[in-house]
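Engineer: output the structure for:
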Amino acid sequence: MEIQERINAFSKLGAFLGQFAKTPYTKNPSVEANDLFFDGFKHQIKLAQEHNGWFTTKNLNFAFDTWSKQLTESNIKHWISKYNFNIILKPKTIGIIMAGNIPLVGFHDFLSVLLLGHKVLVKQSSNDRHLLPFLAKYLEAIEPNFKGKILFTNDKLDNFDAVIATGSNNTARYFEYYFKDKPSIIRKNRNSVAVLTGTESQEQLEALADDIFRYYGLGCRSVSKLFVPESYNFDAFFKSVYPWHEVIHETKYANNYDYNKAVYLMSEFDLLENGFLMLKEDTSYASPIATLFYETYNDTTSLREKLERDKEHIQCVVAEGFSENDIPFGKTQLPELSDYADDVDTVEFLLKI
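Structural biologist: Down below sits the predicted model:
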């Protein structure tokens, strides 16, 4: 199978996913194999929601919309244009151990492996096991050469040449031991932060709210901590995040809010809160659901040095004019295909094994 055929297949998958970017879902007659797969995917979406209460219609729609916009022929070609695909001597079997914190969170690894002509062996998280196998069947239907190249397993990975594994810091230690004799990418816990100066516009802070609340803050690209100047006034921040206030009416989020608030109050922690989000001063990066940690700084130079020291814990830094790698406000959950998790180039890794 030529690279162009693989690109064509994924761009058709992007068109298929675009039908589910908003509700009610609208069937596009120009999408290939729609009669076979449209209703079936609606059913898988229903199963995914029933199985995982965090996979709300809004979050699923956002994930499908994001991927549909990335999976175009022009985007894929632009992404891979800098690589030399001629150096692939023999297709390998690549194991992928996926997380399940947000919908289709392991799809980029899946895409990368298949696009390079390798076989993929997927072990999914139990939290997200309905969507990807169905999409794999769609790929096989529109491009039969994918048949035999996509395998899913519920058991330990076996008979593979390299592995990409995503998990917690604890599971990463297990992965590093278990896969020590194989080429690997092992991903650990990471969180994203925002650096505020107090001069941000309301528009920027409203965009930051998307970075905080999208997927309930469960993603590694979700902002879980703020760095603010000493004596920072949070009034403008609270005003700007208010459009997300209805999140408190969603049961799982509300339960976490109530539980964490009770814990903080019993521990007599100082809190700032507005009825649906708590701000707690804390040096940690990973904040609980419905909580945002913050830390103050005196000068940006020292803060840059701190974030550089802690870079293995940080996925994205949202800011304007803070560093050359700033992510614009509101863009953390809209990565390009070339934005690799943990800044590890997956394609480069796959080309060298």
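
Engineer: what about Phe64, neighbour count?
Structural biologist: 24 (other C-beta atoms under 10 Å). (Each C-beta comes from the backbone N, C-alpha and C, glycine too.)

Engineer: so who does it touch?
Structural biologist: Counting by C-beta atoms under 8 Å, 6 or more residues apart in numbering, Phe64 touches Leu17, Gly18, Phe20, Ala21, Pro103.

Engineer: what sits against Leu196?
Structural biologist: Leu226, Phe227, Val228, Pro229, Tyr232, Phe237, Ala319.

Engineer: take the residues you listed and keep only those in helices.
Structural biologist: Taking DSSP state H, the ones among the contacts of Leu196 that sit in helices are Phe237.

Engineer: Lys261 reaches Gly275, doesn't it?
Structural biologist: No. The pair Lys261 / Gly275 is not scored as a contact, 10.2 Å apart, by C-beta atoms under 8 Å.

Engineer: who has more neighbours out of these two?
Structural biologist: Regarding Lys261 and Gly275, a neighbour count based on other C-beta under 10 Å identifies Lys261 as having more, with 16 against 10.

Engineer: quick check: which element contains that one?
Structural biologist: Using DSSP states H and E, Lys261 maps to helix 251-266.

Engineer: list the buried residues of that helix.
Structural biologist: The neighbour-count check on helix 251-266 (16 or more other C-beta atoms under 10 Å) flags Tyr253, Asn256, Tyr257, Asn260, Lys261, Tyr264 as buried.

Engineer: using a markdown table, please lay out those together with pLDDT and distance to Lys149.
Structural biologist: Formatted as a markdown table, the buried residues of helix 251-266 follow (pLDDT from 0 to 100; distance: C-beta to C-beta, whole Å):
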| residue | pLDDT | distance to Lys149 |
| --- | --- | --- |
| Tyr253 | 98 | 39 |
| Asn256 | 97 | 40 |
| Tyr257 | 98 | 44 |
| Asn260 | 97 | 44 |
| Lys261 | 97 | 49 |
| Tyr264 | 96 | 50 |
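
Engineer: and the two most separated of these?
Structural biologist: Tyr253 and Tyr264 (16.3 Å; C-beta to C-beta).

Engineer: who are the contact partners of the closest residue to Tyr294 other than its chain neighbours?
Structural biologist: Excluding the flanking residues, the one nearest Tyr294 by C-beta to C-beta, 6 or more residues apart in numbering is Leu226, at 4.2 Å. The neighbourhood of Leu226, defined by C-beta under 8 Å, 6+ apart, consists of Val193, Ala194, Val195, Leu196, Phe237, Leu279, Leu292, Phe293, Tyr294, Glu295.

Engineer: now the two most distant members of those residues.
Structural biologist: Val195 and Leu279 (15.5 Å).

Engineer: now Val347: phi and psi?
Structural biologist: Here is the backbone geometry of Val347 (degrees, to the nearest 10): phi -60, psi -40.
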